[in-house]
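S.K.: Here you go, sequence then predicted model.
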Amino acid sequence: SPTMTQTLPMPDENALAASRALVARICEEARREGDFLTFERFMELALYAPGLGYYAGGSRKFGAGGDFVTAPEVSPLFSRCLAVQVAEVLARLGGGVVLEFGAGSGVMAADVLIELAARNALPEKWLILEVSGELRERQASLLSETTPQHASRVQWLDRLPEEPFDGVIVANEVLDAFPVQRFRIGPEGIETGRVCCEGEVPAGCWGRSPPEVVEAVDVIRQEVALDDEYCSEVCLRLTPWVDAAGEVLGRGAMLLIDYGYPRAEYYHPDRSDGTLLCHYRHRAHSDALFLPGLQDITAHVDFTAVGLAALASGLEVAGFVTQAQFLLNCGLEGFLAKARAAGAVEGVKAAQQAKRLVLPTEMGERFKVMALTRRVSDDDSAPLVGFSNGDLRYRL
């Protein structure tokens, strides 16, 4: 029977040529490095190589014409609920700035700004840290069309601000795109996934692990029993990212929304081939070497690792809930009631969208929301509204 990747639609000639150019670059670097790259480096090039990587090229990524749909694309209900949480943090701080990592199409920024304006809770600035020039253009275009009155508040950054600010950092489906190391427990110990080039064709292979991977896997094995042949990923970039983001947050909250698990569930015996997932034209599959540069490659987030990194950076882990619980805590029912009041068609449409956001079989439980805070208010013991019910920190 045909494999999943054999049944995927093929791209046009221009896209294929771009993918071949990226493969040539990957194989050239592999030859320089001793005939292989770590899987982490391969994933970094596949996603971020200038001009050729998935997030650095010009292909459409989000929405019906792209490869996947994010929660803000599904419905403005998601962003309106998120705005409730952002507004609460800004109110506790007495104002501040919002910094959004990787703003996708820009629709979440637009919808959150509209809701914040309705609540008289606009931030001083809405900063967007975006690595993709093509996405920046799309974000600027969408924001100027949908929220021209707020355009002057929005600024794009190439890197983190040099001076700390008070406010909110938002990262929706950002951590899952961090390059990961693949590892396997074998008879020789811990092996690391590599990409070897046979001619000009990348192929998966395994080799001796660098010390930092061995150390990270040993930490996991102190908490979770991993059998021989167990294969998964570890993201060594989470801790440096939390450190760097935490450094620029003077007072305020980081809201991280992504698919992932607490560590014991991430490295569960049933998940013995890891969580690596690729998205191409709204089809999910596991072949990371398929058409490099033309598909998204992701791995689920180890939220225990994020929490530990936060604590080490002097941040508080202030809440951890499912996406469904977060949206309900932030007033989803009230927004649905407003939609119903606007008319039958609006009400039905909003109800269908809400199902995708909250049902366990859709995004409701697969996605989690974590709050990391620093001195949000004098009484930090009062839970943030989005985390007031259904807190799962005990599972971290």
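M.R.: Everything's here; your move. Numbers count the residues shown, from 1 in each chain.

S.K.: can you tell me which residues contact residue 162?
M.R.: Contacts for residue 162 were tallied using C-beta atoms under 8 Å, 6 or more residues apart in numbering; there are none. (Glycine included, C-beta is placed from N, CA and C.)

S.K.: Could you tell me whether it really is in a strand?
M.R.: No. Membership of residue 162 in a strand is not supported by DSSP: H, G, I helix; E, B strand; the rest coil, which gives coil.

S.K.: separation between it and residue 52?
M.R.: Counting by C-beta to C-beta, to the nearest Å, the gap from residue 162 to residue 52 is 30 Å.

S.K.: and if you look at residue 159?
M.R.: Distance, residue 159 to residue 52, using C-beta to C-beta: 21 Å.

S.K.: And these two? Which one has more around it.
M.R.: residue 52 (22 against 8; other C-beta atoms under 10 Å).

S.K.: Chain neighbours aside, what residue packs nearest to that one?
M.R.: What sits nearest to residue 52 in space, not counting adjacent residues and going by C-beta to C-beta, 6 or more residues apart in numbering, is residue 22, at 4.1 Å.

S.K.: The helix or strand harbouring the one you found: what's the following helix or strand?
M.R.: Mapping residue 22 onto the secondary structure by DSSP states H and E places it in helix 13-32. Once helix 13-32 ends, the next helix or strand along the chain (criterion: DSSP H and E) is strand 36-38.

S.K.: Can you report how many residues lie near residue 125?
M.R.: Neighbours of residue 125 under the rule other C-beta under 10 Å: 15.

S.K.: now do residue 164
M.R.: Under the criterion other C-beta under 10 Å, the count of neighbours that residue 164 has is 15.

S.K.: gap between it and residue 242?
M.R.: For residue 164, the distance to residue 242 (C-beta to C-beta) stands at 15 Å.

S.K.: same check, this time on residue 16
M.R.: Noted for residue 16: a distance of 38 Å to residue 242, by C-beta to C-beta.

S.K.: Please say which of these two ends up with more neighbours.
M.R.: Neighbours were tallied for residue 16 and for residue 242 using other C-beta under 10 Å; the higher tally belongs to residue 242 (24 against 13).

S.K.: which ones are touching that one?
M.R.: For residue 242, the contacting residues are 306, 309, 310, 313, 315, 372, by C-beta under 8 Å, 6+ apart.

S.K.: So it: helix, strand or coil?
M.R.: Using three-state DSSP as the criterion, the local structure at residue 242 reads helix.

S.K.: Look up the pLDDT of it for me, please.
M.R.: In this model, residue 242 is scored at 98, pLDDT.

S.K.: Could you do residue 59 as well?
M.R.: Spelled out, the predicted local distance difference test score at residue 59 is 56.

S.K.: Likewise for residue 55?
M.R.: For residue 55, the pLDDT comes out at 87.

S.K.: correct me, but it touches residue 132?
M.R.: Yes. At 5.0 Å, residue 55 and residue 132 qualify as touching, with contact defined as C-beta atoms under 8 Å.

S.K.: Residue 197 contacts residue 26, doesn't it?
M.R.: Yes. The pair formed by residue 197 and residue 26 meets the contact definition of C-beta under 8 Å, at 7.0 Å.

S.K.: the more surrounded of those two?
M.R.: Ranked by neighbour count (other C-beta under 10 Å), residue 197 and residue 26 place residue 26 first, with 24 against 20.

S.K.: can you tell me which residues contact the more buried one?
M.R.: Contact criterion C-beta under 8 Å, 6+ apart gives 37, 42, 45, 46, 195, 197, 202, 292 as the residues in contact with residue 26.

S.K.: Assign a three-state SS to residue 185, would you?
M.R.: Secondary structure assignment for residue 185 (three-state DSSP): strand.
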